[in-house]
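>>> no FASTA, just this:
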Ligand code: NAD
C-alpha cells in the first residue's frame, strides 16, 4: 500500500512539474522503450514460451512485432496528433478563434491480462506515454515470467516517476483501484471490468474497458470454404484459442456445414500436424482451472474433431463440437477462451442476424461471404466492437483502425491515433478578440441577441 502510494505521489509530482509535456522528451521515452525491448527479445521469447507455450513465430507476430510497429507508427505521427487543432467559429462569435488542445490526463493506471501479456500491457503504455501521462502498470499474475520481463523493460526505459510496474493479483489491483488516478485503462474479463468500473466510479475516474465476450464467426453458403477454413482455424487456434477476439463459435449455413467442417479438419492438420498435442507450434492452456473448464466444454456435445488432451502439459487439441443443446448448451453460455469450437447452423441469414443481435454485443464478429447484400445486412444490423469480412483477427493488427468493444465487450478504443486520443483530454478553448466588444450580450443592453 505504502509502496503504491509512494510511486503515485512521485508520478503526480513529476507530472505537475510539466516534465511529461515536452514532445522531444516523449519521443525519447518511446525510443528508450524500443531499445529496452530489443535488448530483452530473447528473454521475452523465453518467458512467452514458459507462460503460454508460444512458439517464436507466434510470439513475434502477435506480441513483439506488433509493439515495435506501434512504437514506430506513434513516433511518426505524434507531433501532428499533439498539435492544437483549429475549429470553425460561429457567426455569434465573430472575432474569436476556437481550438482543441489535446492534453494528458495525468497519472493513469493500466491493468492487463495474461493471454497476450506483452502486447496488451505495452500497447496501452505506449499510448499513455505518447500522450504525456505517467503510468502505473499492473500486468497479470497468471503470466509471471512475462510480467517479470515487463518490469525489467519498464525500469530500464523509464524513471519510476514516469512509469512503473506493480506486480500482483486481484488484491493488488484492488489496492491500486483505491487510489485516485486520472484514468484507468483495463483489459480483461467483463466480470472484472464491472468491478473496475465500480471502483473507478467512486473516484469519478474515467475508464477505458477492453473486455471480452462471445464473438461469432458466420460462414454463409456462398463463402470460399477452403480459404475460410484456413483463416478461421488460424483465428481460433492461435494461442490455443486464448485470444479475446478469437471466433468463439462457428455459425454456418446448413448447406455448407459438412464441407466446412471437413476443410477445418484439413486446415488443423496442415497447421499442427496429425498430433497437435505434440506440435511445437501449438500453445498450452494458461492454468489448471481454465484447462478443466475447457475439457468440460469439449465434452458438451457431439465431437466433430479433436477432443484429445494432456493434463500434464495443459494441452487440449483443436476441438470442434456440435453442442447437444444448441444455444442452451453450457459451452454457449460464457466466453470459451480456448480451443473448443462449437458449430451451430442456420437456414436463413436473417435468422442468424436475429440470434446474434439478441445477445450481448460481441467484441468481434467475422463474416465469410462474397455476397454484398449478406455483408450489408450483417454489418448494418449487428452491433459489435470490430471485425473482418472474409478474415479473422487481422483488424487488430492495423494501427489505422480503432480497436475496442461496445456494450458488454467494452468502453473506448485504442491503437495508433486512437491510443493517443484515449489517453488525452480534448481541451476546448475559445480565444476572444480584445479589439472590439458587442454590447448586446450584457444586461445593460436594451435588445438581447440569442447567443446560446
Ligand atoms: P481477468 O479479468 O481475470 O484479469 C485481468 C486483470 O485483472 C489481471 O491483471 C488480474 O490480476 C486483474 N484482476 C483479477 N481480478 C480482479 C479483481 N477482482 N479486481 C481488480 N482486478 C482484478 O482476465 P484474464 O483472465 O486475465 O483475461 C481473459 C479475459 O480478458 C477474457 O474475457 C478476454 O476476452 C479478455 N480480454 C480482452 C481483451 C481486449 O482487448 N478486449 C484482450 C485480452 C483479453
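Happy to help now that I have it. It should be emphasised that the depicted structure is a prediction, and the values quoted were computed from it without experimental measurement.
>>> so who does the nearest residue to residue 316 once chain neighbours are set aside touch?
Excluding the flanking residues, the one nearest residue 316 by C-beta to C-beta, 6 or more residues apart in numbering is residue 309, at 4.4 Å. For the C-beta atoms, the positions are set from N, CA and C on the backbone; glycine is no exception. Counting by C-beta atoms under 8 Å, 6 or more residues apart in numbering, residue 309 makes contact with 277, 291, 295, 298, 315-317.
>>> What about those, which one has the most neighbours?
residue 316 (28 neighbours; other C-beta atoms under 10 Å).
>>> Now do that residue against residue 322, distance only.
18 Å (C-beta to C-beta, to the nearest Å).
>>> next one: residue 80
When distance is defined by C-beta to C-beta, residue 80 is 52 Å away from residue 322.
>>> With neighbour numbers in mind, choose between these two.
residue 322 (17 against 10).
>>> Checking the more buried one next. Helix, strand or coil?
Under DSSP: H, G, I helix; E, B strand; the rest coil, residue 322 falls in the strand class.
>>> bridging residues for it?
Residue 322 has these beta-bridge partners by DSSP bridges: residue 302.
>>> wait, what's in contact with it?
Neighbours of residue 322 in contact, by C-beta under 8 Å, 6+ apart: 301-302, 304, 342-343.
>>> Just the buried subset of the residues you listed, please.
The neighbour-count test (16 or more other C-beta atoms under 10 Å) marks 301, 304, 342-343 as buried among the contacts of residue 322.
>>> Could you identify the most distant pair in those?
304 and 342 (9.6 Å; C-beta to C-beta).
>>> anything in contact with each of those two?
Common neighbours of residue 304 and residue 342 (criterion: C-beta under 8 Å, 6+ apart): 321-322.
>>> how many other residues sit next to the residue of the stretch 151-300 of the chain found nearest the ligand?
Per C-beta to the nearest ligand atom, residue 212 is where the stretch 151-300 of the chain lies closest to the ligand, at 2.2 Å. Per other C-beta under 10 Å, the neighbour tally for residue 212 reads 29.
>>> and the longest helix along the chain, does that touch the ligand?
Counting residues, the longest helix found in the chain (DSSP state H) is helix 65-82. No: applying C-beta under 6 Å from any ligand atom, one finds helix 65-82 separated from the ligand by no less than 12.4 Å.
>>> Show me the contact partners of that helix.
For helix 65-82, the surrounding residues in contact (C-beta under 8 Å, 6+ apart) are 23, 26-27, 30-31, 33-34, 37, 102, 118-119, 122-123, 126-127, 130-132, 397, 399, 415-417, 419-421.
>>> Can you give me the buried ones in it?
Neighbour-count burial for helix 65-82, counted by 16+ other C-beta under 10 Å, picks out 66-67, 70-71, 73-75, 78, 81-82.
>>> Tell me how confident the model is about stretch 388-405, as a mean pLDDT.
Averaging pLDDT along stretch 388-405 gives 96.
>>> Could you work out the end-to-end span of it for me?
14 Å (C-alpha to C-alpha, to the nearest Å).
>>> roughly how far out does it sit from the chain middle?
10 Å (C-alpha atoms, centre = their mean, to the nearest Å).
>>> Need the phi and psi values for the residue in the stretch 1-150 of the chain that the ligand sits nearest to.
Using C-beta to the nearest ligand atom, the closest approach of the stretch 1-150 of the chain to the ligand is made by residue 113 at 3.0 Å. With angles defined as degrees, to the nearest 10, residue 113 sits at phi -100, psi -170.
>>> now residue 133
According to degrees, to the nearest 10, residue 133 has phi -100, psi 170.
>>> same thing with residue 210?
phi -110, psi 100.
>>> For the closest residue to it other than its chain neighbours, give its distance to residue 212.
Nearest non-adjacent residue to residue 210, counting by C-beta to C-beta, 6+ apart: residue 187, 4.1 Å away. Distance, residue 187 to residue 212, by C-beta to C-beta: 9 Å.
>>> Give the residues shared as contacts by these two.
Counting by C-beta under 8 Å, 6+ apart, the contacts common to residue 187 and residue 212 are residue 244.
>>> Next, the residue nearest to residue 316: phi, psi?
Per degrees, to the nearest 10, the backbone of residue 309 is at phi -150, psi 160.
>>> what's the helix or strand for residue 429?
Per DSSP states H and E, residue 429 falls inside strand 424-431.
>>> relative to helix 65-82, how tilted is that strand?
Compare the direction of strand 424-431 with that of helix 65-82 by axes from the mean of the first three to the mean of the last three C-alpha atoms, to 10 degrees and you get 10 degrees.
>>> Tell me if stretch 146-155 is near the ligand.
No: on the criterion C-beta under 6 Å from any ligand atom, stretch 146-155 is out of touch with the ligand, staying 9.0 Å away.
>>> which residues make contact with that stretch from outside it?
Contact with stretch 146-155 is made by 33, 36-37, 40, 43-44, 47-48, 51, 114, 117-118, 121-122, 125, 137, 139-141, 163-165, 167, as judged by C-beta under 8 Å, 6+ apart.
>>> re earlier: now do the same contact list for the residue nearest to residue 210.
Contact analysis of residue 187 by C-beta under 8 Å, 6+ apart lists 111-113, 120, 124, 210-211, 244.
>>> Let's see which of those end up in helices.
Taking DSSP H as the definition of helices, these contribute 120, 124.
>>> Can you say which of the contacts of residue 187 are buried?
Listed as buried from these are 111-113, 120, 124, 210-211, 244; burial here means 16+ other C-beta under 10 Å.
>>> Tabulate the residues you listed (JSON lines), appending pLDDT.
JSON lines is the format used below for those (pLDDT from 0 to 100):
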{"residue": "111", "pLDDT": "98"}
{"residue": "112", "pLDDT": "98"}
{"residue": "113", "pLDDT": "97"}
{"residue": "120", "pLDDT": "97"}
{"residue": "124", "pLDDT": "98"}
{"residue": "210", "pLDDT": "98"}
{"residue": "211", "pLDDT": "97"}
{"residue": "244", "pLDDT": "96"}
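>>> will you turn those residues into TSV that also has distance to residue 227?
Output for these, formatted as TSV (distance: C-beta to C-beta, whole Å):
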residue	distance to residue 227
111	38
112	33
113	31
120	29
124	33
210	29
211	30
244	24
